[in-house]
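Trainee: missing the sequence, but the structure's below:
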């Protein structure tokens, strides 16, 4: 079946991660995403190695599946003409260059809008295209620090700052960009005109702090890191078991009473320190001290079997490899196989959004450098 975005052409003039995330989200939904790589060398992700799969960067293969690839030298008039021709046929441009770079090449928003008024121009950057930091370059680590994320991540006060393990601002910025693009395409159905979509790694980090920002705005104080804990609910964290760890989410009074039942600890229900969520948050250290020996009495598997039977929200702490082979991961088609031009069948992550009538799909492996250049230039009449 056709994808929801069949017939939408996206030009991805982006590198490394945030822009390519936006491109792969749209590609999964059926858009024809054409990745434009620089000559010489291509996307810098091609050199983020090891690991390799054959002679290809594993990082590049992950970020660029489902796309066609064209390689152009935009320092030449021939390369610029090919890109102009491509943009004149496109619905969307995704770019994540430093501010001013594409303007110098003749592909800033005003120039591209004049060339193709229906085109949605999506710009991803470190800090957005306005404000005092607009000209700064941006990296996930910097954005995590400046957005407050590193101030709330880690084991507790007095410890070294810790970033989220995943490049969360890069990935979130790509998802926000895809959302903005879809909104702009919908608006185009009414107006006939494209527009600028502008988001950043900085803002992608800020939107991850909804709970902590709510606390800071209400109290004037900044919450700090809580390890695996929650700033508003308790107990809501990881506990050590006899052989590992288990996450338990007693996020409301009903689930707290259910947890007490599972733990066979009725005395906790009568303890005034833990009577309400506010009491439990106010006595969090005592709560953890009371619960920890109970969790240590059984294995993770034993707890999970009991919690599942009792309807208690809980789950194991999995490694990435364990997650990749988990039956739920496989049942949701979150690991799929694609055919690479030189490597043959390779595994990659699947599409995270499922649509019933116009399903998302992953059908292409990442392109080799310039793999579809001739094909695309022929489509443009070049």
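Mentor: Alright, I've got the coordinates. Since the model is a prediction, treat every value here as computed from it, not as a measurement.
Trainee: how about residue 271, what does it touch?
Mentor: Going by Cβ atoms under 8 Å, 6 or more residues apart in numbering, residue 271 touches residue 290. Heads up, the C-betas are built off the backbone N, CA and C, glycines and all.
Trainee: In what element of secondary structure is residue 110 found?
Mentor: Using DSSP states H and E, the element containing residue 110 is helix 109-115.
Trainee: Quick check: residue 167 touching residue 140?
Mentor: Yes. Between residue 167 and residue 140 there is a contact at 4.1 Å, judged by Cβ atoms under 8 Å.
Trainee: Mutual contacts of the two, please.
Mentor: Joint contacts of residue 167 and residue 140 (Cβ under 8 Å, 6+ apart) are residue 17.
Trainee: So these two - more neighbours on which side?
Mentor: A direct count of neighbours by other Cβ atoms under 10 Å for residue 167 and residue 140 places residue 140 higher, at 25 against 21.
Trainee: Double-check that one against residue 174; I have them as touching.
Mentor: No. Using Cβ under 8 Å as the test, residue 140 is too far from residue 174 to be in contact (11.3 Å).
Trainee: Quick check: neighbours shared by these two?
Mentor: Shared contacts of residue 140 and residue 174 (Cβ under 8 Å, 6+ apart): residue 17.
Trainee: what's the helix holding residue 110 packed up against?
Mentor: When contacts are defined as 3 or more Cβ pairs under 8 Å, 6 or more residues apart in numbering; DSSP states H and E, helix 109-115 packs onto helix 77-88, strand 120-125.
Trainee: Could you list the paired strands of the last one along with their orientation?
Mentor: Put plainly, it is strand 120-125. With DSSP bridges as the test, strand 120-125 is paired with strand 92-95 (parallel), strand 196-200 (parallel).
Trainee: State the mean pLDDT of the helix of greatest length in the chain.
Mentor: Using DSSP state H, we find that the single longest helix of the chain is helix 168-191. Helix 168-191 carries an average pLDDT of 98.
Trainee: got it, and stretch 247-263?
Mentor: Averaging pLDDT along stretch 247-263 gives 94.
Trainee: SS state for the nearest residue to residue 373 once chain neighbours are set aside?
Mentor: The spatially closest residue to residue 373, leaving aside those adjacent along the chain, is residue 70, at 4.7 Å (Cβ to Cβ, 6 or more residues apart in numbering). Following DSSP: H, G, I helix; E, B strand; the rest coil, we place residue 70 in the strand state.
Trainee: where along the stretch 251-382 of the chain do the strands fall?
Mentor: 314-316, 335-340, 344-349 (DSSP state E, counting those that start in this stretch).
Trainee: looking at these, which is buried most?
Mentor: When you average the neighbours per residue for each of those (mean count of other Cβ atoms under 10 Å), strand 314-316 leads with a mean of 18.
Trainee: Against residue 253, how distant is the residue nearest to residue 373?
Mentor: Distance of residue 70 to residue 253, given as Cβ to Cβ, to the nearest Å: 58 Å.
Trainee: If you count surrounding residues, which of these two has more?
Mentor: Between residue 70 and residue 253, residue 70 has the larger neighbour count (other Cβ under 10 Å), namely 24 against 12.
Trainee: Could I get the full set of helices for the stretch 151-300 of the chain?
Mentor: Per DSSP state H, counting those that start in this stretch, the stretch 151-300 of the chain carries helices over the ranges 168-191, 201-206, 210-219, 253-263, 266-269, 277-282, 284-295, 300-310.
Trainee: re earlier: I would like the residues contacting the longest helix of the chain, please.
Mentor: With Cβ under 8 Å, 6+ apart as the test, helix 168-191 has contacts from 8, 16-26, 91-92, 94, 118, 120, 122, 124, 140, 143-144, 147, 149, 194-195, 197-205, 207-208.
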